[in-house]
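> Need a 3D model of the following:
(chains A and B)
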Protein chains: 2
Amino acid sequence: MKHNKIIYPVFILLLSSQISDIRSQVPDSVVIKKISDEIFTSGECYKNLEYLCKKIGPRLTASPGAEKAVQWTNELMKNYGFDKVYLQEVMVPHWERGEKEVGKVISGSSKETAVNIVALGGSIATPKEGMTAEIIEVKDFDELKKLGKEKVQGKIVFYNYPFDVKKIMPFEMYGAAGKYRTTGAIEAARYGAVASITRSMTNYITTVPNTGAMHYNDSITKIPACAISTQDAEWLSDLLKKEGKAKFFFKTNCQTFPDVKSYNVIGEITGTEKPEEIIVVGGHIDSWDLAEGAHDDGTGCMESIEVLRVFKKLGIKPKRTIRAVMFMNEENGLKGGIEYAKQAELKKEKHILAIESDAGGFTPRGFTMTMNDDSLPGGSVKKEKILKWKDYFYPYGAYDFTRKGGGADISPLKKQGVSQMELSPDNQRYFIIHHTARDTFEEVNKRELELSSIVLTMMVYLVSEYGL
Amino acid sequence: MKHNKIIYPVFILLLSSQISDIRSQVPDSVVIKKISDEIFTSGECYKNLEYLCKKIGPRLTASPGAEKAVQWTNELMKNYGFDKVYLQEVMVPHWERGEKEVGKVISGSSKETAVNIVALGGSIATPKEGMTAEIIEVKDFDELKKLGKEKVQGKIVFYNYPFDVKKIMPFEMYGAAGKYRTTGAIEAARYGAVASITRSMTNYITTVPNTGAMHYNDSITKIPACAISTQDAEWLSDLLKKEGKAKFFFKTNCQTFPDVKSYNVIGEITGTEKPEEIIVVGGHIDSWDLAEGAHDDGTGCMESIEVLRVFKKLGIKPKRTIRAVMFMNEENGLKGGIEYAKQAELKKEKHILAIESDAGGFTPRGFTMTMNDDSLPGGSVKKEKILKWKDYFYPYGAYDFTRKGGGADISPLKKQGVSQMELSPDNQRYFIIHHTARDTFEEVNKRELELSSIVLTMMVYLVSEYGL
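The predicted structure is shown next:
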């Protein structure tokens, strides 16, 4: 690319006015403009996402959809002619929702009101005939503790912990509320509860419930756990205030089967100068079963493949090795991420950076970063290097490089000292669709997805050229 | 508000680390946090927008919907208890679309194919029985000129000027293409064309056509003008390439009636220290007739009312006068904006800043600014003052204060030296809905609208406290 002398006046202007020490690298701006033009005019990310969502659909780990997605992304990357495309075996959990759940509130006047619930991923089912018990509402674990065994025993604990909408960032709201989904059943069972219901993880008041992973603790009785829509949670809470008490009937039909073999899918373009230095860009190919896994995380996977496709199409030969990884089983186990890190260690691979895209396919706002050795001089040096490129990203709306973060799938690489980064898109719309039946292709905007693909490709390009 | 000593650690941290000269104003951060909390937890903008869209609906100037919206916003602001709420008379044009348009392409093999068209606002209609003529495609005015009278005479000119998707900002694409809608009929008629069809103003390939204003020139024959959907434009262009020529039949039923009386709606909270210094925040209450005018510009109007409502609710007494203005007739005449400026001049009002919100109700990205005396020291001083507040906006995602701009409605105030500003939201989704049947309430996200309301209120608050 370097001998291409076409000069794009807008970019040159931008560079000369805003970055004084980068003139020697002017050709980067040309490459970046080519990347941008390619994706805006001939991008394949959106159409690939359409295929993944509409022809393959839901991709819960160990489901036929997940396996189809493995085969298809493998084929897709082979067809694009990447240098290496291969599957990486990994044993994964196999949980199935079964028939649609039923939930009803039975209030004082023996009236039954249907509510929208979904079983949480990993939960055991209720007995076949369903389960009925008195509901006890708590806001948080403190309230649960105060009630104690006496008041909780034999009841269904209803965690009604709302997202704190005063926060600006929805992911921060999620951060605070998430534990009532993941460990709510453990804590409820500790006090003798027979089941737990968690208010759905969203800042929107909606009838659509969100699923998501939950865990058990082997030393504590396993009880069935489900999520209730926020609208029904608000209604139920009001009812309990008015009527003093109410019973809950629910029936879930989920089941855990023995682990099965599945795969991470890996595509690679080998570096020309330092092939041993690897840059990973990835998302997770599994999704929840309720919809098409469009934003979570079809977009991250398709963006990652798009990055390598653009290198190939434009004939950019990366100095360092770049890899697109479709991680399996992020949603209910992280087995793919763990296996990837394990294999990297066994093969003594040297990853210089892992970038995840798993926060939705909206317009980019920036990147979060956790440089492995943040507390040491090395981490700051790496961050400073990246910040020097900031002005390339600014016109594309990616302005924020201040937050810490990385993705779940790449987190197991941390132990090997691999720097972490995550694409940070606008996320105000995220929790309308996250883990719900609404996470469909229609919720993804073509241009927003293209912008995210562009900034990801730019970042991978710059790191592949200059290292960290 | 100033004696309120509650301190929000996050904001203080932010301020102390990023703004060194603003410590004396620490209480501003408290006010800003209160504004933010009020809008996130008890905001009324979204529910007001729902009323405007669902109970009133389309609001083309001089339509019953527009008049209802005038009465309703007048009542709404009175009910909020603003200091002054009044109507400002203005004569406005009265154009009606009439019955739905019909468009067909008749190609070589005498096949008729229906295409999606809409009459452009202000156009004359075709004859009652419709109009049929040969189509001649041009990309731009240069191509039209080259063809000349000989080849254009008696034909229908089809302007197929696409949005340049290589640009990052959709409004820039619009800027380049817009003239084929506004003045395409004039230029076509200059060469003897009998009608003009313009490719819809959007970067998306869609079956939904966009309407919008067009103009005539009194010295040139008036010919009917319509817009065709981008998908049909692409198809038609391919057909013309393949078959060499084709005819177009279309029938539009629009009509222009005599001007009628309408109103701008103005709400005001009078300043306590410098009531003569006025800050305007506004949007346009009229909309196109094809949908609910949600993003264009219901959101701008409802945000502007929300700004004043929040001052009132929180008991913030502005030092300077703040005004919410619902301008009438932005879409097809700008009569409201012109009248507002005229009355301001007659009354010798001193506007220190006019802020418009008319670029969609999406997440805020920043503000565009045109300070009246940009070329003089005064303009830079004002900009610098605003830039000192930048860090208040950054956490809300409003980071960009670099672009020039203002809104159409406030532009007539420029002659009086009034500084101009416009809220600049993320606009990648804008041209899917702009001027189409898709501009409905459902396309607006509650949180995104709240964020825009917050940054607008913050800006009005800061300017009302410190002037410019």
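> I'd say A:Tyr161 and A:Phe141 touch.
No. The pair A:Tyr161 / A:Phe141 is not scored as a contact, 9.1 Å apart, by CB atoms under 8 Å. Backbone N, C-alpha and C define where each C-beta goes, glycine included.
> Which one's more surrounded, these two?
A:Tyr161 (21 against 17; other CB atoms under 10 Å in any protein chain shown).
> Assumed the more buried one was part of a helix.
No. Under DSSP: H, G, I helix; E, B strand; the rest coil, A:Tyr161 falls outside any helix and is assigned coil.
> ok, so what distance separates it from A:Lys84?
46 Å (CB to CB, to the nearest Å).
> before we move on, what about A:Val115?
The value you get for A:Val115 to A:Lys84, if CB to CB is used, is 50 Å.
> neighbour-wise, which of those two wins?
More crowded of A:Val115 and A:Lys84, by other CB under 10 Å: A:Val115, with 22 against 13.
> Excluding chain neighbours, what is closest to the more buried one?
Leaving out its chain neighbours, the residue that sits closest to A:Val115 by CB to CB, 6 or more residues apart in numbering or on different chains is A:Asp232, at 4.0 Å.
> could you say which helix or strand contains that neighbour?
Taking DSSP states H and E as the criterion, A:Asp232 maps to helix A:230-243.
> Using the three-state scheme, assign A:Ile135.
Following three-state DSSP, A:Ile135 is assigned to strand.
> Model confidence for it, exactly?
What the model reports as pLDDT for A:Ile135 is 98.
> can you pull the contacts of it?
Neighbour list for A:Ile135: A:105, A:155-156, A:158, A:197, A:236, A:240, A:245-248 [criterion: CB atoms under 8 Å, 6 or more residues apart in numbering or on different chains].
> For it, give the beta-bridge partners.
Under the criterion DSSP bridges, A:Ile135 forms beta bridges with A:Ile156.
> ok, back up a step: can you name the element that comes right after the helix holding A:Asp232?
strand A:246-251.
> Could I get the contacting residues of A:Gly122?
A:93, A:95, A:213-216, A:256, A:332.
> residues from the stretch 301-450 of chain A in reach of chain B?
For the stretch 301-450 of chain A, the contact set with chain B under CB under 8 Å from any CB of the partner chain comprises A:363, A:365, A:395-397, A:399-400, A:426, A:428-429, A:432, A:445-448.
> what comes into contact with the strand or helix carrying A:Lys149?
If you go by DSSP H and E, A:Lys149 is part of helix A:141-152. Here helix A:141-152 makes contact (CB under 8 Å, 6+ apart) with A:136, A:138, A:157, A:179-180, A:187-188, A:191-193.
> do stretch A:226-245 as well
So stretch A:226-245 is contacted by A:101, A:103, A:105, A:107-108, A:115-120, A:123, A:134-135, A:137, A:158, A:160, A:162, A:181, A:195-202, A:204-212, A:246, A:250, A:252 (CB under 8 Å, 6+ apart).
> Dump that stretch to CSV, keeping only the CA atoms.
Extracted C-alpha coordinates of stretch A:226-245, given in CSV (Å, rounded to 0.1, in the frame of the first residue of the first chain):
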residue,chain,number,x,y,z
CYS,A,226,-36.5,-17.6,36.0
ALA,A,227,-36.6,-14.0,34.9
ILE,A,228,-39.8,-11.9,34.8
SER,A,229,-40.4,-8.9,32.4
THR,A,230,-39.8,-5.5,34.0
GLN,A,231,-43.4,-4.5,33.3
ASP,A,232,-44.7,-7.6,35.1
ALA,A,233,-42.1,-7.1,37.9
GLU,A,234,-43.5,-3.5,38.5
TRP,A,235,-47.1,-4.8,38.5
LEU,A,236,-46.3,-7.7,40.8
SER,A,237,-44.5,-5.4,43.3
ASP,A,238,-47.5,-3.0,43.3
LEU,A,239,-49.8,-6.0,43.8
LEU,A,240,-47.8,-7.3,46.8
LYS,A,241,-47.9,-3.8,48.3
LYS,A,242,-51.6,-3.7,47.9
GLU,A,243,-52.6,-7.2,48.8
GLY,A,244,-49.9,-8.1,51.2
LYS,A,245,-49.2,-11.4,49.6
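> From B:Gln255, how far off is A:Thr221?
From A:Thr221 to B:Gln255 the distance is 75 Å (CB to CB).
> likewise A:Asp142?
Distance from A:Asp142 to B:Gln255, by CB to CB: 68 Å.
> what's around A:Lys251, how many residues?
Residue neighbour count, defined by other CB under 10 Å, stands at 22 for A:Lys251.
> Tell me, how many residues neighbour the residue nearest to it when sequence neighbours are not counted?
Leaving aside its chain neighbours, A:Lys251 sits nearest to A:Gly130 (3.5 Å; criterion: CB to CB, 6+ apart). A:Gly130 has 17 neighbours, counted by other CB under 10 Å.
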